[in-house]
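**Student:** need a 3D model of the sequence below.
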Amino acid sequence: VICFALLIYKEACWTKGIGKMESSQAQDYTCKLSIKKAECQGINGIEMEDILLVPKEADTLLSSESIKSSCNLLQLLTGNIQLGRLEAKNGFIHLVTNENGRNFEAFLPKKKAKTEPGVKTNYADLAYKILNRTFNLIPTYMRLENLSLQMCYVGKKANSNLQTIELTDKQREPSIQFQP
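**Tutor:** Next up is the predicted model:
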């Protein structure tokens, strides 16, 4: 009975978390995040279907038929996000720059006010933070199938189709096609 109650509670937490994510995207990034179906996989995983990220008054930024992911619980307890598994199928990322702006503008870090003239930037600390975040986001297992990266810069277009790429225990096997 207790296990059943915990499973229901976990499902409710995931549903509430997805709702918060969708409203956060609308408020913080002025875009609409739509997830048709989301369900948890075990204690630390999630599977989502029909994901769509559309910035306000701009072209669709991301679309995917399915994304499965899990994170390292130990790292999560310390406040870090470290992906253990990432699988994505049938989708695209579309980066557009035109006379109206960029469809990914909201996700770029905001420029901070200039620091005082006497304060020096600690580049070692900055590099450590960037590398730590980057390497924590590289999953130990990743499989991407039928994904494309489409870029359009003021009328100039480039397209990259990723048939399959699999990363297992830090070994990768890519299959990528580039189209001008």
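
**Student:** so where does Asn159 fall, helix or strand?
**Tutor:** strand 156-168 (DSSP states H and E).

**Student:** show me what that strand is packed against.
**Tutor:** Applying 3 or more CB pairs under 8 Å, 6 or more residues apart in numbering; DSSP states H and E, one finds that strand 156-168 makes contact with strand 141-153, strand 171-179. For glycine as for every other residue, the C-beta is placed from the backbone atoms N, C-alpha and C.

**Student:** buried stuff in the longest one?
**Tutor:** By that I understand strand 141-153. Met142, Arg143, Leu144, Glu145, Leu147, Ser148, Gln150, Cys152 (16 or more other CB atoms under 10 Å).

**Student:** for the fifth one, give me the pLDDT.
**Tutor:** The predicted local confidence for Leu147 comes out at a pLDDT of 91.

**Student:** that one reaches Ser160, doesn't it?
**Tutor:** No. Counting by CB atoms under 8 Å, Leu147 stays clear of Ser160, with 9.0 Å between them.

**Student:** what's the angle from the strand holding Asn159 to strand 141-153?
**Tutor:** Calculated by axes from the mean of the first three to the mean of the last three CA atoms, to 10 degrees, strand 156-168 forms an angle of 170 degrees with strand 141-153.

**Student:** strand 156-168 pairs with which strands?
**Tutor:** If you go by DSSP bridges, strand 156-168 pairs up with strand 141-153 (antiparallel), strand 171-179 (antiparallel).

**Student:** return the longest strand that the chain contains as PDB; C-alpha atoms alone will do.
**Tutor:** The single longest strand within the chain, with elements called by DSSP state E, is strand 83-98. Taking Å, rounded to 0.1, in the frame of the first residue of the first chain, the C-alpha atoms of strand 83-98 are listed here in PDB:
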ATOM      1  CA  LEU A  83      22.400  13.300 -17.200                       C
ATOM      2  CA  GLY A  84      22.800   9.500 -17.100                       C
ATOM      3  CA  ARG A  85      20.800   8.700 -20.300                       C
ATOM      4  CA  LEU A  86      19.400  10.800 -23.100                       C
ATOM      5  CA  GLU A  87      17.400   9.400 -26.100                       C
ATOM      6  CA  ALA A  88      15.700  11.500 -28.700                       C
ATOM      7  CA  LYS A  89      13.900  10.500 -31.900                       C
ATOM      8  CA  ASN A  90      12.500  12.300 -35.000                       C
ATOM      9  CA  GLY A  91      13.000  16.000 -34.300                       C
ATOM     10  CA  PHE A  92      14.700  19.200 -35.200                       C
ATOM     11  CA  ILE A  93      16.400  22.300 -33.800                       C
ATOM     12  CA  HIS A  94      15.700  25.300 -36.000                       C
ATOM     13  CA  LEU A  95      17.900  28.400 -35.400                       C
ATOM     14  CA  VAL A  96      16.700  31.500 -37.200                       C
ATOM     15  CA  THR A  97      18.200  35.000 -37.500                       C
ATOM     16  CA  ASN A  98      16.200  37.400 -39.600                       C
END
